[in-house]
Structure formats: C-alpha cells, structure tokens
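A.B. asks: Next input, structure requested:
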Amino acid sequence: MTTTLTAPQQGTTQHGTAQPGLTTVADRAVGRIAGRAALEVPDVLDCAVTARVTGGVATLDARLDLRYPAPVAATAARVRAHLVARVGALTGLRVSVVDVSVVVLRSDTPQVRRVQ
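C.D. replies: Just a heads-up that it's a prediction; the model follows:
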C-alpha cells in the first residue's frame, strides 16, 4: 500500500493534470527507514520492521533481536520513542502505533563447547 502526501494546492500546471508537491511513500520504504532507525538504539542487534501507511499516518511493527542482558522493557520503550521521532522526521508521516516484539536475546560472550 502507498500513500500520497500533498501540499496545499496553489494551482495546476499548464496541462491541468499534475499537482505540485505530490509525494508518494511506499510501506516498504517506511519499513526500511524504521529498521535503520531502530538499529541506532543501543542494545538492538538486528530488527525487521513492517509498516502500513494510510493517509499521512504510519503504523509500525518491529521485531527485535536484543543484546543480553539488556533491560527488555526499557529498551523496547526507547525503540518505540526513537521510531516515532526518526520516522516522523525522515518521512514527514505521523507515527500512530509502534508494536515492538523481542524475538531473540543474544549474549556477547561466545559459548564454550566441551567434549564429554
């Protein structure tokens, strides 16, 4: 799904068909922007974000891999706030909902395998 953002119309072009200030933002593009923005938050190792844009409003669903032992609730809250701010600033869309799911907690220390 894509959405169209329009600026206040001040007239038409000489052919009368085009609207000045017309910008189309695809769901996939917003999802990629949000995915990169989520990686800016400390303790986020990987993420996948899907977006749905309706009008000038975006809803995001973020699936995160976090560093262990990061505080899950606090990190999810930071990601949520960061996505609202960054996606809004980079796309001009208003972000209404950000659902955050933690899929994996990964440790920084390598596992030691022992032969038994």
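A.B. asks: any idea how far residue 44 lies from residue 56?
C.D. replies: 27 Å (C-beta to C-beta, to the nearest Å). Every C-beta, even on glycine, is put in place using the N, C-alpha and C of the backbone.
A.B. asks: Show me which of the two is the more surrounded one.
C.D. replies: Counted by other C-beta atoms under 10 Å, residue 44 and residue 56 do not tie: residue 44 has more neighbours, with 22 against 14.
A.B. asks: So what sits opposite residue 54 in the bridge?
C.D. replies: Beta-bridge partners recorded for residue 54 (DSSP bridges): residue 57.
A.B. asks: which residue ranges form the strands in this structure?
C.D. replies: 2-5, 23-26, 44-54, 57-68, 94-107 (DSSP state E).
A.B. asks: Pipe those strands into a markdown table and attach distance to residue 83 and mean pLDDT per row.
C.D. replies: Shown next, in a markdown table, are those (distance: least, C-beta to C-beta, whole Å; pLDDT from 0 to 100):
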| stretch | distance to residue 83 | mean pLDDT |
| --- | --- | --- |
| strand 2-5 | 17 | 56 |
| strand 23-26 | 15 | 80 |
| strand 44-54 | 8 | 96 |
| strand 57-68 | 6 | 96 |
| strand 94-107 | 5 | 95 |
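A.B. asks: Nearest to residue 76, out of those strands?
C.D. replies: Closest approach to residue 76 among the strands of the chain is made by strand 94-107 (4.4 Å; C-beta to C-beta).
A.B. asks: which outside residues touch the closest one?
C.D. replies: Outside strand 94-107, the residues that touch it by C-beta atoms under 8 Å, 6 or more residues apart in numbering are 45-46, 56-70, 72, 76, 79-80, 83-84, 87-88.
A.B. asks: still on that earlier bit, out of the strands of the chain, which comes closest to residue 35?
C.D. replies: Closest to residue 35 of those, according to C-beta to C-beta: strand 44-54, at 4.4 Å.
A.B. asks: picking up where we left off before, distance to residue 113 added to the strands of the chain, as a markdown table?
C.D. replies: Output for the strands of the chain, formatted as a markdown table (distance: least, C-beta to C-beta, whole Å):
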| stretch | distance to residue 113 |
| --- | --- |
| strand 2-5 | 49 |
| strand 23-26 | 45 |
| strand 44-54 | 22 |
| strand 57-68 | 19 |
| strand 94-107 | 14 |
